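K.L.:
quick one, what's the 3D model for this:
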Amino acid sequence: MTAVPVPQPRSGAASAAADSRRSLGAALFLGAVGAAVVLLASGQVWAEGSAAVGGGSVALDAQGSDVTGVPTALAIVGLAALVALFAVRRAGRLLVAALLALSGAGAGLAAFLGASDSAALDAQAAKTTGDTAATVDALVHTAWPYVSLAGGLLILCAGLLALRYGKSWPAMSGRYERDGRPRPRKAAPVDPDRPEDLWKALDRGEDPTSGP
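P.N.:
Below you'll find the model as predicted:
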């Protein structure tokens, strides 16, 4: 009777490698999606209202970029930090991961504060009516600031994952020097008793009769 093989548990190294791959994929996904959400939300209408002009009213609206440019700027910083994670190692990676987390937290906080802001529409009301003391009427805020807040939280989660697991993630290859040129490879030794080695040395422009 053939014995049924018993599945063996995965080794600790294999489990750690799988966890590293999952955390890396999750961080890349969360960071990229979060930044895209923040950038998208910043171009949408965050607040609406009206201004009284000549016995009537004029409709006003303010996009997220009109209310605050902080979420957009920090989302771009977050994207740059996400890419830079693979160009640095050790302490540098921890610093970049912290920057990624802080950019997400800052973008979310700025979006949350902008959800109740009326300064942008007040400025539009003053410009429309010609009265510097004019303010917006019937102010209504949309849900887009909270969408931007959610995007900032996703970036924050990506940064926290990088802080926790980033030390085990791969980095860019060290094959290239700092000047961008590939490191020269040491030529294989030539065996004078092997004709093929002699021909290869001649093809490389080397003198096969010279010593090492």
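
K.L.:
contacts, neighbours, all on C-alpha from now
P.N.:
Fine.

K.L.:
now stretch 70-82: mean pLDDT?
P.N.:
For stretch 70-82, mean pLDDT rounds to 96.

K.L.:
and if you look at stretch 125-144?
P.N.:
Per-residue scores along stretch 125-144 average to 87.

K.L.:
only the C-alpha atoms, please, for it, written as CSV.
P.N.:
C-alpha atoms of stretch 125-144 as CSV (Å, rounded to 0.1, in the frame of the first residue of the first chain):
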residue,chain,number,x,y,z
ALA,A,125,-19.2,86.4,-2.9
ALA,A,126,-17.2,89.5,-2.2
LYS,A,127,-15.7,89.5,-5.7
THR,A,128,-19.1,88.9,-7.3
THR,A,129,-21.0,91.6,-5.4
GLY,A,130,-18.2,94.1,-5.2
ASP,A,131,-18.7,94.3,-1.4
THR,A,132,-15.7,93.2,0.6
ALA,A,133,-17.9,92.5,3.6
ALA,A,134,-20.3,90.2,1.6
THR,A,135,-20.5,86.5,2.7
VAL,A,136,-22.0,83.5,1.0
ASP,A,137,-25.6,82.5,1.6
ALA,A,138,-27.2,79.1,1.8
LEU,A,139,-23.9,77.4,2.2
VAL,A,140,-23.9,73.6,1.5
HIS,A,141,-21.0,71.3,1.7
THR,A,142,-20.7,68.1,-0.4
ALA,A,143,-19.3,64.7,0.5
TRP,A,144,-16.1,65.2,-1.6
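
K.L.:
buried stuff in it?
P.N.:
Ala125, Ala126, Thr128, Thr129, Ala134, Thr135, Val136, Asp137, Leu139, His141, Trp144 (16 or more other C-alpha atoms under 10 Å).

K.L.:
among the residues you listed, which lie within strands?
P.N.:
Of these, the ones assigned to strands by DSSP state E are Asp137, Leu139, His141.

K.L.:
hang on, the earlier thing: now the buried residues of stretch 125-144 as TSV including distance to Ala105?
P.N.:
Below are the buried residues of stretch 125-144 laid out as TSV (distance: C-alpha to C-alpha, whole Å):
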residue	distance to Ala105
Ala125	32
Ala126	33
Thr128	35
Thr129	37
Ala134	34
Thr135	31
Val136	30
Asp137	32
Leu139	27
His141	22
Trp144	17
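
K.L.:
which member of the residues you listed is positioned nearest Leu82?
P.N.:
Closest approach between the buried residues of stretch 125-144 and Leu82, by C-alpha to C-alpha: Trp144, at 24.2 Å.

K.L.:
tell me the SS of the residue positioned nearest the centre of the chain?
P.N.:
Computing the C-alpha centroid of the chain and ranking residues by C-alpha atoms, centre = their mean puts Leu79 first, at 2.8 Å. Here Leu79 is helix, with the state taken from DSSP: H, G, I helix; E, B strand; the rest coil.
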